[in-house]
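> sequence first, then the predicted structure, then my questions.
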Amino acid sequence: MSYFFGHRLNLKRRGLPLLSCRFKTFYEVLSVPKNASKEEIKDSFFTLSKKYHPDSNPSHPPPKELFIELNEAYSTLSDSSLRRQYDRELAMAEYYRRNGGPSYEKNPTSSSSYGPSSNYGFRTTTYYYYEPTDRARSPKEVQKSHFRVVKYLLLLMSVVTIVHSIRINWAHKKFKKWQEEESRMNSLIYERVREKAKNSSVEEQLLALAEKVKESNRIR
């Protein structure tokens, strides 16, 4: 399981995964479709950066979070490998949203008739056990054999569920650490842009910002 999982998919602020609520993806942040080209993503980033730039309205500057969010979205979608990883996690989050799955938020009780194990794709199944023998077995012996089979199956399902939960927890922690570092770097970029705003035009600042984002992606 890869480490991109959650929503907005800005996981630093919203946890992993918020399957019980609607989330805003990086594509929506940049107002581009999921099949957008790199050029479309870049153009949208520049357009929105101008709109939410600290100097766009000095008397009433846009919230800092909007500018940082744009940088987080662009830094992910402009990098091919990060974008593929992100798309996989979007698909996985959508799967869990539709079919039920582990969540760090409280979810309503499911009305599914499949029972507690349905969150992991297991359905209640009737199992038949047949064991050749030279003599007829008593009903009690047959019942014990069936009970052992059911017990082993339940044990196997429990192990699979535990392993699945551990992998998701690991993925969450790994991405959360990455997201915190990403936000920290974007905050530094934001502060640098504000410092340079006094001595350069908005166009020059945006070009410099794009170069810093690319350089940051190469380092990662």
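On my side now, so go ahead.

> so where is the chain shaky, pLDDT-wise?
Applying pLDDT under 70 to the chain flags residues 1-23, 54-59, 61-62, 100-137, 193, 196-205, 212, 214, 216-220.

> try 50 this time
Low-confidence segments of the chain, defined by pLDDT under 50: 1-21, 103-134.

> show me what the top helix by length along it is packed up against.
For the chain, the helix with the greatest residue count under DSSP state H is helix 139-196. Other helices and strands packing on helix 139-196, by 3 or more C-beta pairs under 8 Å, 6 or more residues apart in numbering; DSSP states H and E, are helix 11-14, helix 64-77, helix 202-219. The C-beta positions use only the backbone N, C-alpha and C, and glycine is treated the same way.

> swap the cut-off to 10 Å and go again
With contacts taken as 3 or more C-beta pairs under 10 Å, 6 or more residues apart in numbering; DSSP states H and E, helix 139-196 sits against helix 11-14, helix 64-77, helix 80-99, helix 202-219.

> how about the ones you listed in CSV, adding distance to Ile162 and mean neighbour count?
Output for the helices and strands packed on helix 139-196, formatted as CSV (distance: least, C-beta to C-beta, whole Å; neighbours: other C-beta atoms under 10 Å):
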stretch, distance to Ile162, mean neighbour count
helix 11-14, 23, 18
helix 64-77, 31, 21
helix 80-99, 17, 15
helix 202-219, 36, 15
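
> CSV for these, including distance to Phe45?
Putting the helices and strands packed on helix 139-196 into CSV (distance: least, C-beta to C-beta, whole Å) gives the following:
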stretch, distance to Phe45
helix 11-14, 20
helix 64-77, 4
helix 80-99, 13
helix 202-219, 8
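
> so which of these comes closest to Leu154?
Closest of these to Leu154 is helix 80-99, at 21.2 Å (criterion: C-beta to C-beta).

> the closest one to helix 139-196, inter-axis angle?
If you take axes from the mean of the first three to the mean of the last three C-alpha atoms, to 10 degrees, helix 80-99 sits at 130 degrees to helix 139-196.

> which strands and helices lie in contact with helix 80-99?
helix 26-29, helix 38-51, helix 64-77, helix 139-196, helix 202-219.

> can I get those in a markdown table including distance to Arg83?
Listed next are the helices and strands packed on helix 80-99 as a markdown table, based on distance: least, C-beta to C-beta, whole Å:
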| stretch | distance to Arg83 |
| --- | --- |
| helix 26-29 | 9 |
| helix 38-51 | 9 |
| helix 64-77 | 5 |
| helix 139-196 | 14 |
| helix 202-219 | 11 |
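
> so which of these is nearest Tyr96?
Using C-beta to C-beta, these put helix 139-196 closest to Tyr96, at 9.5 Å.
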